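> I would like the atomic coordinates for the input below:
(one chain, ligands or ions: 1)
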Amino acid sequence: MSAKDRSGHAIVLGASIAGLLAARVLSESFEKVTIFDRDELPLNHDNRRGVPHGEHTHGLLAFGRKALEELFDGFAADITALGAVPVDLGRDLLWFGDGLRFPRTDARLMGLGVSRPMLEGYVRDRIRALSNVEIHDRTEALGLLTDDDRSRVTGARVLPRGGEALEVSADLVVDATGRGNRGPTWLSQIGYAKPVEDAVDSVAGYASREYRRVPGDADFSGFVLNPWPEHPTGAVAMAVDGDRWMVTLVGYDSRNFPPSDPDGFLEFVRRLPHPELYELLSRSEPLGPPIKMRLPVSVRRRYERMRRLPEGLISIGDAICAFNPAYGQGMTVAAAEALVLRECLAKGRAGLPRRFYAKTAKLIDVPWDMAVGADLRYGHVLGTRSAKTNLLNGYVARLFVAAAKHPSVAKAFLSVANLMAPPQSLFAPAVVARVLRAGARPQLPVAAKAPVRELEPVG
Ligand SMILES: Cc1cc2nc3c(=O)[nH]c(=O)nc-3n(C[C@H](O)[C@H](O)[C@H](O)COP(=O)(O)OP(=O)(O)OC[C@H]3O[C@@H](n4cnc5c(N)ncnc54)[C@H](O)[C@@H]3O)c2cc1C
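Numbers count the residues shown, from 1 in each chain. Modelled structure (predicted):
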């Protein structure tokens, strides 16, 4: 759409990944886009208070990388030049399914090892360069404005830090204020029901630490060993910008939370059933102390099921659905939702919320079912275990056995996890045949027993 065909004003609440990607799409059809965030946004690519999860390991899946390339020409080349690490998620990462190692295979699933602050900072710089987008930080969203019969949202009330509340009119308001957002409360304040929420608390604890990465220190760029019920601890490590390894340990059930003292952190890694990460970290230099986090509850807000929705308002990103990041899908889903928004806007603005939520619900089903399905395998996790969930979990457990033997099955699983193939592809005849013939689950190797040896953190 050319600049002269753009019309109206769109407001985005929240200038994190989902808000910035939404703003990119809105800038194509709205004359003006204004983004508000309550945080102070850095000029560089540093962590910030409003995004505490930025201190934990992030990676960008293959679909996320492809979507970002569609939204920002030259994305992968630029961010690689800034230090992000391009990876084929089948070839360059050590992946384990229920502890069984997948054979490394040229999967052509190209993702990125990139820290959360670097990715957000890069995207923010690209948005700042757009002439019809303004970013106002230190400005908190307080609620919504409506027309007289409350059928349409007409703007938002915002509060600049140290100033007075302002009413800002808009043709479209996008709520991208993340996991803990007040969207449902704002809706009830203007006379609408709150969306039904599906919530699952996996009772998972995380601890993360950065290490210096030096050329040749490992023959892999990432390590993904998710916990499973018989072994409720795991770890994820990614080679990222700044010549660093970002390492996040995870434990299910408070008895298994990873410790945040340096010795305990390394000991936790030593007890994993595979030695590669321990061998790497025990000879790597830590760049700071471990940082702890209790994983918040996974929440999916079912806007698509609401009987009444106002025009002129949508939610996006973690504000609709924030799930257990075991499969690292959150930013990729936010990027996919931005593309859905673009597609919906191409068909006009009438009925936008209903059309947008119908499509995003289908998109979210896959990552939500994967993450929540895996969580529900644990006895301590509360939630409804339908026959379908139990059947799928049983199938996936056998699929991991087959994936450990057959690169084609590993690739099929990784393609679904990367949102590059539909889940039905796991039931293709060639995959099912291998799953049925997978045989018994093999024994796991014994963990490294080398003594703990650690260098002092820098600074
Ligand atoms: C430990 C952990 C690891 C993860 N690992 C991965 C990974 O490897 N790969 C991946 O793709 N995803 C991962 N995720 C998920 C990913 O971080 C999120 O999906 C992603 O950040 C979603 O961003 P968002 O923009 O929706 O929300 P957020 O990043 O939470 O941003 C919300 C924004 O809204 C602002 N805000 C909040 N309230 C207001 C208000 N009232 N007014 C104005 N501004 C407001 C905040 O300041 C913030 O800037 C992980 C998450 C966690 C917790």
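> quick check: mean pLDDT across stretch 183-202?
Here stretch 183-202 scores 95 as its mean pLDDT.
> any part of it near the ligand?
No. With C-beta under 6 Å from any ligand atom as the criterion, the ligand is not reached by stretch 183-202; the gap is at least 9.4 Å. To be clear about C-beta, it is placed using only N, CA and C from the backbone, and glycine gets the same treatment.
> give me the buried positions along that stretch.
Buried residues in stretch 183-202, counting neighbours by 16 or more other C-beta atoms under 10 Å, are found at Gly183, Pro184, Trp186, Leu187, Tyr192, Pro195, Val200, Asp201, Ser202.
> identify the residues contacting the first one.
Gly183 sits next to Asp175, Thr177, Arg301, Ser315, Ala319 when contact means C-beta atoms under 8 Å, 6 or more residues apart in numbering.
> kindly report the same for Gly59.
Residues touching Gly59, when contacts are defined by C-beta under 8 Å, 6+ apart, comprise Val87, Gly111, Leu112, Gly113, Val114, Gly222, Val236, Met238, Gly328.
> of the residues you listed, which belong to helices?
Of the contacts of Gly59, none are assigned to helices by DSSP state H.
> and which of the residues you listed is nearest the ligand?
Minimum separation from the ligand among the contacts of Gly59 (C-beta to the nearest ligand atom) is found for Gly328, which lies at 3.1 Å.
> in the stretch 301-450 of the chain, what residue lies closest to the ligand?
Minimum separation of the stretch 301-450 of the chain from the ligand (C-beta to the nearest ligand atom) falls at Gly330, amounting to 2.1 Å.
> check that residue and give its pLDDT.
Gly330 is assigned 94 on the pLDDT scale.
> near it, how many other residues are there?
With neighbours defined by other C-beta atoms under 10 Å, the count for Gly330 comes to 26.
> skipping adjacent residues, who's closest to it in space?
Counting by C-beta to C-beta, 6 or more residues apart in numbering, Asp318 is the residue found nearest to Gly330 once chain neighbours are left out, at 6.4 Å.
> near the ligand, which residues of the stretch 201-350 of the chain?
Where proximity means C-beta under 6 Å from any ligand atom, the interface of the stretch 201-350 of the chain facing the ligand comprises Tyr206, Met293, Gly317, Asp318, Ala319, Pro325, Gly328, Gln329, Gly330, Met331, Thr332, Ala334.
> list the residues that contact the last one.
Taking C-beta under 8 Å, 6+ apart as the contact definition, Ala334 lies against Ile17, Ala18, Leu21, Ile316, Gly317, Asp318.
> phi first, then psi, for it.
When read as degrees, to the nearest 10, the backbone of Ala334 gives phi -60, psi -40.
> so that it lines up with my notes, have the first residue be 3 from now on.
With the count now opening at 3, the last piece we talked about shows up as Ala336.
> any idea of the pLDDT on it?
pLDDT recorded at Ala336 is 98.
> gap between it and Leu121?
Remark: distance between Ala336 and Leu121 (C-beta to C-beta, to the nearest Å) = 11 Å.
> give me the common contacts of those two.
Ile19.
> give me the buried positions along stretch 79-98.
Of the residues in stretch 79-98, those buried by neighbour count under the rule 16+ other C-beta under 10 Å are 81, 85-98.
> again with stretch 152-168
Val155, Thr156, Gly157, Ala158, Val160, Leu161.
> with distance to the ligand and pLDDT added, can I get these in a markdown table?
Output for the buried residues of stretch 152-168, formatted as a markdown table (distance: C-beta to the nearest ligand atom, whole Å; pLDDT from 0 to 100):
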| residue | distance to the ligand | pLDDT |
| --- | --- | --- |
| Val155 | 15 | 98 |
| Thr156 | 18 | 98 |
| Gly157 | 14 | 98 |
| Ala158 | 9 | 98 |
| Val160 | 7 | 98 |
| Leu161 | 9 | 98 |
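> pLDDT weak spots in the stretch 303-452 of the chain?
447-452 (pLDDT under 70).
> and the strands in it, which stretches?
Remark: strands assigned in the stretch 303-452 of the chain by DSSP state E, counting those that start in this stretch are 315-317, 323-324.
> any idea which of these is most buried?
Among those, the stretch with the highest mean neighbour count (mean count of other C-beta atoms under 10 Å) is strand 315-317, at a mean of 28.
> mind giving me the packing neighbours of it?
The criterion is 3 or more C-beta pairs under 8 Å, 6 or more residues apart in numbering; DSSP states H and E, and the helices and strands that strand 315-317 contacts are strand 174-177, helix 354-377.
> hmm, try it at 10 Å
helix 19-31, strand 155-162, strand 174-177, helix 185-191, helix 332-348, helix 354-377 (3 or more C-beta pairs under 10 Å, 6 or more residues apart in numbering; DSSP states H and E).
> partner strands of the second one, parallel or antiparallel?
Using DSSP bridges, strand 155-162 pairs in its sheet with strand 141-148 (antiparallel), strand 168-171 (antiparallel).
> who's in contact with the residue of the stretch 103-252 of the chain found nearest the ligand?
Of all residues in the stretch 103-252 of the chain, Gly180 sits closest to the ligand, with a separation of 2.6 Å (C-beta to the nearest ligand atom). Taking C-beta atoms under 10 Å, 6 or more residues apart in numbering as the contact definition, Gly180 lies against 15-16, 18-21, 52-53, 55, 319-321, 324, 332.
> can you list these in a markdown table and add distance to Ser29?
Listed next are these as a markdown table, based on distance: C-beta to C-beta, whole Å:
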| residue | distance to Ser29 |
| --- | --- |
| Leu15 | 16 |
| Gly16 | 16 |
| Ser18 | 17 |
| Ile19 | 16 |
| Ala20 | 15 |
| Gly21 | 12 |
| Gly52 | 22 |
| Val53 | 22 |
| His55 | 26 |
| Gly319 | 17 |
| Asp320 | 22 |
| Ala321 | 20 |
| Ala324 | 25 |
| Gly332 | 23 |
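> buried among the contacts of Gly185? Make that a ChimeraX selection.
For anyone working in ChimeraX, the buried entries among the contacts of Gly185, judged by 16+ other C-beta under 10 Å, can be selected with:
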select :177,179,303,317,321
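> any chance of the contacts of Gly185 in CSV with distance to Leu283 as columns?
Rendered in CSV, the data for those read as follows (distance: C-beta to C-beta, whole Å):
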residue, distance to Leu283
Asp177, 40
Thr179, 36
Arg303, 38
Ser317, 39
Ala321, 35
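> of the helices and strands packed on strand 315-317, give the one that comes closest to Asn258.
With C-beta to C-beta as the criterion, Asn258 lies closest to helix 354-377 of those, at 14.1 Å.
> please tell me how far the residue nearest to Gln191 when sequence neighbours are not counted sits from Leu15.
By the measure of C-beta to C-beta, 6+ apart, the closest residue to Gln191 outside its immediate chain neighbours is Gly145, 5.8 Å from it. Taken as C-beta to C-beta, the spacing of Gly145 relative to Leu15 amounts to 10 Å.
> what is the burial count for the closest residue to Asn326 other than its chain neighbours?
Nearest-residue entry for Asn326: Ala373, 4.4 Å, with adjacent residues in sequence omitted and distances by C-beta to C-beta, 6+ apart. Other residues lying near Ala373 total 21 when counted by other C-beta under 10 Å.
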